[in-house]
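Engineer: Attaching a predicted model along with its sequence, questions to come.
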Amino acid sequence: MTIEISKEPEDKRYVGEYRLARQLSNDKKDKNLKNVIVALGDSFTDPTFKVDLSWIKSEGPPPPHICNWKMWPEVFKDLLEERDNHEYHVVNLGRSGSGIDYAFECFTKVWPYLKHRIKFVLWGGTDFNRFEHHSIPYSVSPDTRRDDFFDLVAPGHGEEFYRQFDELGVIQYMDIINRKLHEEGAVKRIMTKKLRLITFVEDLCTSNSTEFLYYPLIEPFGGGSFYKTGGMSSPTLKTIQKYLQDIPFTLNIKNNKKRLKHYVNLYMKFSGVFWTSWSSKIIIEGQKLRICDDKEWKNTDGHPDKHGQIDIANQVWNHYITHD
């Protein structure tokens, strides 16, 4: 049994998760018991997520409760254990800043060895524009080239961020992507490529009697404007909903609506296809479920707080039990 454990500094935080996966796959006592939950995603799911303190607007250290809470896969596990009255184990492979490609890679690392034990695969969807550098273990996102990025989240650090990305050799590539985001064909191609990976995981899970649940926690394209870098505007939520009507992923589900049970907040209606992310839900409904909603500790961090993590878990759970 050899589940690969990366020696890269960025991945050392996850050694414990891979060691748990190795232990569970080798457990002879419960070898036929499906009691493992594999979680995939970005910073909304990352078990090691910490607030970036450079974003702090107020004086003094943040309160001790910040980020000291269960992430949504753990909350989901608690709900499942209460219902089934036995123990489950979460292998959380979420990583901050990562994209669909990275999540898929993590899944393929553990699936061959753990598939006989995996009861659930929970996938918190992220930005479709994020991709893994081909030769360096680094996640790259054109979103970091948007007009207001450095002013918004890294005031005074713009030159340093640019230098880091320039050393990776991806500045020009990111700008090419940004300039193409006004083309319908290019956006649909990106969507189809990412959704094909998600569908592949869904199909493997279904064939293995494993539950699969995917929920887009952030917008598939959330970059905003790229005009200052010579690009266009990132596709709006309305545009993405329009493109969903035509791509193979959606057309296939229309012919097999049983697959809807795998996708949280994806609706097939007479008037079209609608897929709402958690972030858009918060913005539309105005609920106070993000770290930045802490009135006593003023900050700009839009990640879900303790109540936000519970809300995500409840949405995924309610979708699951409705279709179970």
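Structural biologist: Cool, got the structure.
Engineer: Which element, helix or strand, includes the nearest residue to Thr239 once chain neighbours are set aside?
Structural biologist: For Thr239, ignoring the flanking residues on the chain, the nearest one in space by C-beta to C-beta, 6 or more residues apart in numbering is Val187 at 7.6 Å. In this view, the C-beta of every residue, glycine as well, is placed from N, C-alpha and C. Taking DSSP states H and E as the definition, Val187 sits inside helix 184-207.
Engineer: I'd like the distance from that helix to the chain centre, please.
Structural biologist: Here helix 184-207 is found 14 Å from its chain centre; the criterion is C-alpha atoms, centre = their mean, to the nearest Å.
Engineer: What of stretch 256-270?
Structural biologist: Between the centre of stretch 256-270 and the centre of its chain there are 19 Å (C-alpha atoms, centre = their mean).
Engineer: what about it, how long is it end to end?
Structural biologist: 16 Å (C-alpha to C-alpha, to the nearest Å).
Engineer: And the strands in the stretch 201-324 of the chain?
Structural biologist: Secondary structure of the stretch 201-324 of the chain (DSSP state E, counting those that start in this stretch): strands at 211-216, 266-269, 272-275.
Engineer: on that earlier part again, list the buried residues in the helix holding Val187.
Structural biologist: 187-188, 190-191, 194-195, 197-199, 201-202, 204-205 (16 or more other C-beta atoms under 10 Å).
Engineer: And stretch 16-25, by the same measure?
Structural biologist: For stretch 16-25, by 16+ other C-beta under 10 Å, it's 17-18, 20-22, 24-25.
Engineer: Stretch 103-121 too?
Structural biologist: With burial defined by 16+ other C-beta under 10 Å, the residues of stretch 103-121 counted as buried are 103-104, 106-107, 109-111, 113-115, 117-121.
Engineer: Assign a three-state SS to the nearest residue to Gly231 once chain neighbours are set aside, would you?
Structural biologist: With C-beta to C-beta, 6+ apart as the criterion, Gly231 has its nearest non-adjacent residue at 2.8 Å, and that residue is Asn178. Look at Asn178: counting by DSSP: H, G, I helix; E, B strand; the rest coil, its state is helix.
Engineer: Val140 - how many residues pack around it?
Structural biologist: Val140 has 22 neighbouring residues, counting by other C-beta atoms under 10 Å.
Engineer: How confident is the prediction for it, by pLDDT?
Structural biologist: At Val140, the pLDDT value in this model is 89.
Engineer: burial count for the nearest residue to it once chain neighbours are set aside?
Structural biologist: Computed as C-beta to C-beta, 6+ apart, the closest residue to Val140 that is not its neighbour in sequence is Val170, at 5.1 Å. Around Val170 there are 22 other residues, counting by other C-beta under 10 Å.
Engineer: Next: Ala39.
Structural biologist: By the criterion of other C-beta under 10 Å, Ala39 has 26 neighbours.
Engineer: for the one helix or strand it maps to, packing partners?
Structural biologist: Using DSSP H and E, Ala39 maps to strand 36-40. Applying 3 or more C-beta pairs under 8 Å, 6 or more residues apart in numbering; DSSP states H and E, we find strand 36-40 packed against helix 72-84, strand 89-92, helix 100-114, strand 118-125.
Engineer: Report the strands that pair with that strand, each with its relative direction.
Structural biologist: strand 89-92 (parallel), strand 118-125 (parallel) (DSSP bridges).
Engineer: Now tabulate the ones you listed in a markdown table and tack on distance to Val273 and mean pLDDT.
Structural biologist: Formatted as a markdown table, those follow (distance: least, C-beta to C-beta, whole Å; pLDDT from 0 to 100):
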| stretch | distance to Val273 | mean pLDDT |
| --- | --- | --- |
| strand 89-92 | 30 | 96 |
| strand 118-125 | 16 | 98 |
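Engineer: Arg163: which of these is closest?
Structural biologist: Ranking those by proximity to Arg163 (C-beta to C-beta) places strand 118-125 first, at 30.7 Å.
Engineer: residues in contact with the closest one?
Structural biologist: For strand 118-125, contacts defined as C-beta atoms under 8 Å, 6 or more residues apart in numbering pick out 34-42, 44-45, 72-73, 76, 80, 88, 94, 100, 103, 107, 111, 198, 201, 205, 208, 210-218, 220, 277, 312, 316.
Engineer: quick check, nearest of the buried residues of stretch 16-25 to Ile136?
Structural biologist: Ile136 has its nearest neighbour among the buried residues of stretch 16-25 in Tyr18, at 20.4 Å by C-beta to C-beta.
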